[in-house]
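Asks: Here is my input; please provide its structure:
(2 chains)
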Amino acid sequence: MNWFYFSSPVTFYGLAGRLAPWFFALAALSAAWGLWLGLAVAPRDATQGEVYRVIFIHVPTAWMSMFLYFLMACYCALTLIFNTRLSAMMARAIAPTGALFTFLALWTGSFWGKPTWGTYWVWDARLTSELVLLFLYFGYMALANAFEDPRRGDRASALLAIIGVVNLPIIYFSVQWWNTLHQGMSVGPKGSSMHPTMLQAMLVMSFSAWMYAAGAALARVRSVILERERRAQWVRDLGRS
Amino acid sequence: MGLVTASARGSYSGGFSWAMGRDLRLAWRHPDEAVLTLAFFALVASLFPLGVGAEPQLLARIGPGVIWVGALLAAFLALPAMFSQDFADGSLEQMTLSPHPALGWAAGKVVSHWIVSGLPITLLSPFIGLQYGLTPDTLLVEALSLAIGTPVLSLLGGACAALSLGARGGGMLLALLALPLFVPVLIFGAGAAEAQATGMSSQPHLMLLGAALIGALVGLPAAIVGAVRIAVD
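Replies: Next up, the predicted model:
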């Protein structure tokens, strides 16, 4: 078996095209199930009432914002170590989705903050570090597109993404290190302090966000491949057939 | 005959002292750049009392943070000087071809850049703090936090400046890359002076800042070398 068969843009283009619809379908199905669980089945929260239900969007998007950055940085490391073209394209394809999830986490968080904390925004450690993450995504995308030579952009932005990884543990542990307004972890490696239905709905929604991210990244990497390989014979043949 | 002599063999210390001496000499012959950095710092710091009002209590309250933000912006504006001139005239490429290991001379450039920008900012900060009516011990902690924090800014900024060499977007792009990475340094640095001003211990903040400096010293010179290699590739 050839482990590197799909590391070529030509073969991966086809694979991504076949996989993306499945990921989108899984995302839609699990979103429907998760939203039904979260909005209809899960009980009211004892202290926050109905407002807490924004958690079913907020926590999955926040998790994915960090996970996608980590994944992007892994692809960036592959780019720098092995000088592979496809990993740089994958990193470029993941970045906009990661930025979107970061923005959604901040946005839903501020809507959650208004009724519970009485303010849309506080300069709390968790919020600040998540905002920095959004700017890291923006910086990555700006640097990747700032050069005439796309390979130069790949390598420079890869190094930037790897430097930015320092921010991830700061976001994750910020609620423990600085005991400020953002609540602590309800779900962690040591178990959960939530109602089982709430937890189930949140995990299903996280799965949905994950599948959406995979589908969106694969759909986007196809565009990146086409743009970067536009002078290659196989792309020209695509247009002809 | 015998062209490869001992002098052609590079060393870390040789590259370090060569690059540091060269950049310091260049800065000494054009002192206006360093002076401009300081003038900018003093100017930004004196805009705040005019903007937010000059009540002594308010100034003493916001002083530590404002001075840190001003220092951070001044250090940021000095960043392009680290590599862009050498990149434009090709000397950076010559340096990568030199027998000295890149880690040595790159570290020398960062240190000389800090001596020209971060150190004067640190030394000037107590005088600006006086304008804000800060107490002597707050002034001391402010200067100490700047002394630990500005090298981190030079290292982080050096990596970002090297990454954005030859990129479209210039200064704005560099701001987008560097300023988010400066945020933790600002939080701990301003936090130290602020804690001192409000009667708490500044030690935890200073220790975290010191930890950041150690981490930056370990990791970032290699990142700067990587970024320079990508730029001259």
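
Asks: Would you agree residue A:70 is in contact with residue A:166?
Replies: No: using Cβ atoms under 8 Å, residue A:70 is not in contact with residue A:166, being 11.9 Å away. Backbone N, C-alpha and C define where each C-beta goes, glycine included.

Asks: Neighbour count: the two, which is higher?
Replies: residue A:166 (16 against 12; other Cβ atoms under 10 Å in any protein chain shown).

Asks: Distance check, the more buried one against residue A:123.
Replies: With distances taken as Cβ to Cβ, to the nearest Å, residue A:166 is found 20 Å from residue A:123.

Asks: Nearest residue to the spatially most central residue of chain B in space, please, no chain neighbours.
Replies: For chain B, residue B:154 is the residue whose C-alpha lies nearest the centre (Cα atoms, centre = their mean; 3.0 Å). Setting aside the residues directly before and after it, residue B:154 is nearest to residue B:114 in space (Cβ to Cβ, 6 or more residues apart in numbering or on different chains), at 4.3 Å.

Asks: likewise residue B:226?
Replies: residue A:159 (5.5 Å).

Asks: again with residue B:107
Replies: Using Cβ to Cβ, 6+ apart, the closest residue to residue B:107 is residue B:221 (5.1 Å).

Asks: quick one, phi/psi of that neighbour?
Replies: Main-chain torsions, residue B:221, degrees, to the nearest 10: phi -60, psi -40.

Asks: what residues are up against it?
Replies: B:103, B:106-107, B:110, B:155 (Cβ atoms under 8 Å, 6 or more residues apart in numbering or on different chains).

Asks: from those residues, which single one is nearest chain A?
Replies: residue B:155 (10.4 Å; Cβ to the nearest Cβ).

Asks: same for the host helix or strand of that closest one, what does it pack against?
Replies: Using DSSP states H and E, residue B:155 sits in helix B:136-163. Helix B:136-163 sits against helix A:150-164, helix B:56-77, helix B:102-116, helix B:118-131, helix B:170-197, helix B:203-232, with contacts defined as 3 or more Cβ pairs under 8 Å, 6 or more residues apart in numbering or on different chains; DSSP states H and E.

Asks: Reformat the ones you listed as a markdown table; add mean pLDDT and distance to residue A:175.
Replies: Output for the helices and strands packed on helix B:136-163, formatted as a markdown table (pLDDT from 0 to 100; distance: least, Cβ to Cβ, whole Å):
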| stretch | mean pLDDT | distance to residue A:175 |
| --- | --- | --- |
| helix A:150-164 | 92 | 20 |
| helix B:56-77 | 90 | 23 |
| helix B:102-116 | 93 | 34 |
| helix B:118-131 | 92 | 33 |
| helix B:170-197 | 89 | 16 |
| helix B:203-232 | 92 | 17 |
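
Asks: so does the helix or strand hosting residue A:107 get close to chain B?
Replies: Using DSSP H and E, residue A:107 falls within helix A:85-117. No: using Cβ under 8 Å from any Cβ of the partner chain, we find that helix A:85-117 stays clear of chain B, coming within 12.1 Å at best.

Asks: In that helix, which of the residues would be classed as buried?
Replies: A:85-95, A:97-106, A:108-110, A:112-113 (16 or more other Cβ atoms under 10 Å in any protein chain shown).

Asks: and chain A, which residues reach chain B?
Replies: A:80, A:128, A:132, A:135-136, A:138-139, A:142-143, A:146-147, A:152, A:155-157, A:159-160, A:162-164, A:166, A:170.

Asks: give me that answer again for 6 Å
Replies: A:132, A:135-136, A:139, A:142, A:146-147, A:155-156, A:159-160, A:163 (Cβ under 6 Å from any Cβ of the partner chain).

Asks: For these, which single residue is the most surrounded?
Replies: residue A:136 leads those on contacts (other Cβ under 10 Å) with 29 neighbours.

Asks: from memory it sits against residue A:162, does it?
Replies: No: between residue A:136 and residue A:162 there is no contact, the gap being 11.0 Å when judged by Cβ atoms under 6 Å.

Asks: For residue B:133, which residues are in contact?
Replies: B:56, B:59-60 (Cβ atoms under 6 Å, 6 or more residues apart in numbering or on different chains).

Asks: do that again at 8 Å, thanks
Replies: B:56, B:59-60, B:63.

Asks: Ok, residue B:179 next?
Replies: A:135, B:76.

Asks: Isn't the residue nearest to residue B:226 up against residue B:222?
Replies: No: counting by Cβ under 8 Å, no contact exists between residue A:159 and residue B:222, whose distance comes to 10.2 Å.

Asks: so what's the backbone phi/psi at the closest residue to residue A:114 other than its chain neighbours?
Replies: Of all residues not flanking residue A:114 in the chain, residue A:120 sits nearest, at 5.3 Å (Cβ to Cβ, 6+ apart). Dihedral angles of residue A:120 (phi, psi; degrees, to the nearest 10) stand at phi -70, psi -30.

Asks: follow-up on the earlier one: quick one: which of the contacts of residue B:133 is nearest to chain A?
Replies: residue B:63 (18.3 Å).

Asks: Give the burial count for the residue nearest to that closest one when sequence neighbours are not counted, as a bare number.
Replies: With sequence-adjacent residues excluded and distances taken as Cβ to Cβ, 6+ apart, residue B:63 is closest to residue B:132, at 3.2 Å. By other Cβ under 10 Å, 25 other residues sit near residue B:132.

Asks: And the helices in chain A?
Replies: Along chain A, counting by DSSP state H, helices occupy A:9-36, A:55-82, A:85-117, A:125-144, A:150-164, A:167-177, A:196-228, A:233-240.
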